[in-house]
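Enquirer: need a structure here:
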Amino acid sequence: MDVKKYSLGTLIGSFPRAFFFSWLGASLGLVPPIVIADLDLSIINTQSAFFNGVLVIVLAILFATFLLYYVLAKYHERKKTEINK
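Expert: Reported below is the predicted structural model:
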């Protein structure tokens, strides 16, 4: 495996993920140490709903990105085939 090819992409991708997960953790509003037994069920449900909302948004963005890539790849393939004829 060529480390040089993947090092820069990994380094660049690490910073947005670090900021995203830092923001996500801070937005939950829970201060460590967390004792689960001391939390009200309403707090747990609120935090779960927020996390699930963020998760759905992230998954929707990933799905849209994949769909856009697929459509653009098919378009590029057709255009390339037409040029070669």
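Enquirer: and residue 37, how many residues sit next to it?
Expert: 4 (other Cβ atoms under 10 Å). Using the backbone N, CA and C atoms, a C-beta is placed for each residue, glycine as well.
Enquirer: hang on, I meant residue 28
Expert: With other Cβ under 10 Å as criterion, residue 28 counts 14.
Enquirer: and the gap between residue 37 and residue 74?
Expert: 53 Å (Cβ to Cβ, to the nearest Å).
Enquirer: Over to residue 38?
Expert: 54 Å.
Enquirer: can you check residue 34 too?
Expert: 48 Å.
Enquirer: Contact partners for residue 46?
Expert: Under the criterion of Cβ atoms under 8 Å, 6 or more residues apart in numbering, residue 46 has no contact partners.
Enquirer: So for the helix or strand hosting it, mean pLDDT?
Expert: Remark: residue 46 resides in helix 41-84, with elements defined by DSSP states H and E. Rounded to a whole number, the mean pLDDT of helix 41-84 is 90.
Enquirer: again, but for stretch 4-24
Expert: 85.
Enquirer: For residue 20, see how far away the spatially most central residue of the chain is.
Expert: Central residue of the chain (Cα atoms, centre = their mean): residue 58, 4.7 Å from the mean position. According to Cβ to Cβ, residue 58 and residue 20 sit 9 Å apart.
Enquirer: try residue 84
Expert: Distance from residue 84 to residue 20, by Cβ to Cβ: 42 Å.
Enquirer: For the two, work out which one has more neighbours and name it.
Expert: residue 20 (12 against 6).
Enquirer: Need the phi and psi values for that one.
Expert: According to degrees, to the nearest 10, the main-chain angles of residue 20 amount to phi -60, psi -50.
Enquirer: What of residue 33?
Expert: Taking degrees, to the nearest 10 as the convention, residue 33 sits at phi -80, psi 140.
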